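> Below are the sequence and a predicted model; questions follow.
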Amino acid sequence: MPLGAVGSFQIEFVEWLVLLAILVSFLVIGIVGAVWVYGDAERRGMDAGMWLALVLMGTFLGFGLGGLLVIGVYRAERLKQPGGTLPPPGGSEPRARFCGACGQPLAWIPEYRRWYCSKCGQYR
Ligand SMILES: [Zn+2]
């Protein structure tokens, strides 16, 4: 084997180690983030299991970056739902919600898994 090939292999090996270290740190951030999201979502009455699964899925499928993305989405969603009014996807009795436009109580449509305002004639 020519020496040049061995040299380039060594450089590649170091590069792979650095890449691996970056990926592992992203995975660690994703897992720590998933645990945080789970605890936070549970406190707020949001669907903690779904968010935990989403962050872990994003972390492993998106090499950590996906997990960070899901955590970002969760944080935005959390701000939109300060009372924890996200309907549970488990099929159990959803909490009451009110229309943001007219204030009328919304009807939960299980087929579409969405809230419907009969006064506005729109899904919320
Ligand atoms: Zn309405």
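Received it, and whenever you're ready, just let me know what you need. Residues are numbered from 1 along each chain as shown.
> does I109 have beta-bridge partners, and which?
R114 (DSSP bridges).
> Domain map for the protein?
9-78, 94-124 (automatic domain parsing).
> Contact partners for the most centrally placed residue in the chain?
Centroid-nearest residue in the chain, with CA atoms, centre = their mean: V70, separated by 3.4 Å. Shown in contact with V70 (CB atoms under 8 Å, 6 or more residues apart in numbering): 37, 51, 54-55, 57-59. Placement of C-beta: from N, CA and C, glycine included.
> so how far is A76 from it?
Counting by CB to CB, to the nearest Å, the gap from V70 to A76 is 11 Å.
> go on, L27?
L27 is 23 Å from A76, by CB to CB.
> and what of G30?
For G30, the distance to A76 - CB to CB - is 18 Å.
> Please identify which of these two sits among more neighbours.
Between G30 and A76, G30 has the larger neighbour count (other CB atoms under 10 Å), namely 26 against 10.
> Report all helices and strands that whichever strand or helix holds that one contacts.
Assigned by DSSP states H and E, G30 belongs to helix 3-43. With contacts defined as 3 or more CB pairs under 8 Å, 6 or more residues apart in numbering; DSSP states H and E, helix 3-43 has these neighbours: helix 48-61, helix 65-80.
> most neighbours per residue, which of those helices?
Ranked by average neighbour count under the criterion mean count of other CB atoms under 10 Å, the helices and strands packed on helix 3-43 are headed by helix 48-61 at a mean of 18.
> what about that one, distance to the chain center?
6 Å (CA atoms, centre = their mean, to the nearest Å).
> Spell out which parts of this structure neighbour the ion.
Contacts of the chain with the ion, taken as CB under 5 Å from the ion, map to 99, 101-102, 117, 119-120.
> ok so, going back, let's have the domains of the chain in TSV, adding mean pLDDT.
Below are those laid out as TSV (pLDDT from 0 to 100):
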stretch	mean pLDDT
domain 9-78	86
domain 94-124	90
